[in-house]
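Compute the structure for the input listed below.
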Amino acid sequence: MELDEAKLKFIHAWGTLGTKWGINRTMAQVHALLLVATQSLSASNIMEELNISRGNANMNLRALIDWGLVMKELKPGDRKEYFYAEKDIWKMSKLILVQRKKKELEPIMVVLKDLNNAVEGDGEDVKTFNTTIKDLNDFALHADKVVEKVVQSDINWLLETFLKQFLKS
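Model (predicted):
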């Protein structure tokens, strides 16, 4: 397989995977392109490679910058902005985990905390509701602690911990 063909296959696969994670396909494809690029690319380069509009390229680049997955650089003597991706996969994974926590886990934790034992009464429906909310709240709190531990850890600690747990089974 030629390099260009392999890159294209990776970009399309990453885009498809992104949609399964709830991320815009084009955003994932821009990220994939920058992941495999040997040097930073301008918005024009990205538009040409992915056959997308300038607005689409800029919108997705800004989103990736907000996530901390893509950085911008200016080259001396060139007015264009250039973009490159974080290539350290462990660091990239932690950045994604932090963003997913902020956008998904933290909002539901606020609601669960507010609802925890909020319904008064003696009926079976009330008991079921309160138990379910409490269990979800407990799970969310544990998930939050795990996410924090992973974000604060390095890859060696995580792999060592995982292997210890895996080998115990």
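
per-residue pLDDT, Ile96?
With respect to pLDDT, Ile96 scores 88.

Counting by contacts, list what the helix or strand it falls within packs against.
Element membership for Ile96 (DSSP states H and E) is helix 89-100. The contact analysis (3 or more CB pairs under 8 Å, 6 or more residues apart in numbering; DSSP states H and E) places helix 89-100 against helix 54-67, helix 124-152. For the C-beta atoms, the positions are set from N, CA and C on the backbone; glycine is no exception.

can you list contacts of that helix?
Counting contacts by CB atoms under 8 Å, 6 or more residues apart in numbering, the residues outside helix 89-100 that touch it are 67-69, 85-86, 147, 150-151, 154-155.

With stretch 138-152 instead?
94, 97-98, 101, 105-106, 108-109, 112, 158.

Identify the residue with the minimum pLDDT among the contacts of helix 89-100.
Per-residue pLDDT puts Ile155 lowest of those, at 66.

what about the nearest residue to Arg25 once chain neighbours are set aside, neighbour count?
Nearest residue to Arg25, sequence neighbours excluded (CB to CB, 6 or more residues apart in numbering): Gly15, at 4.4 Å. Neighbour count for Gly15, taken as other CB atoms under 10 Å: 21.
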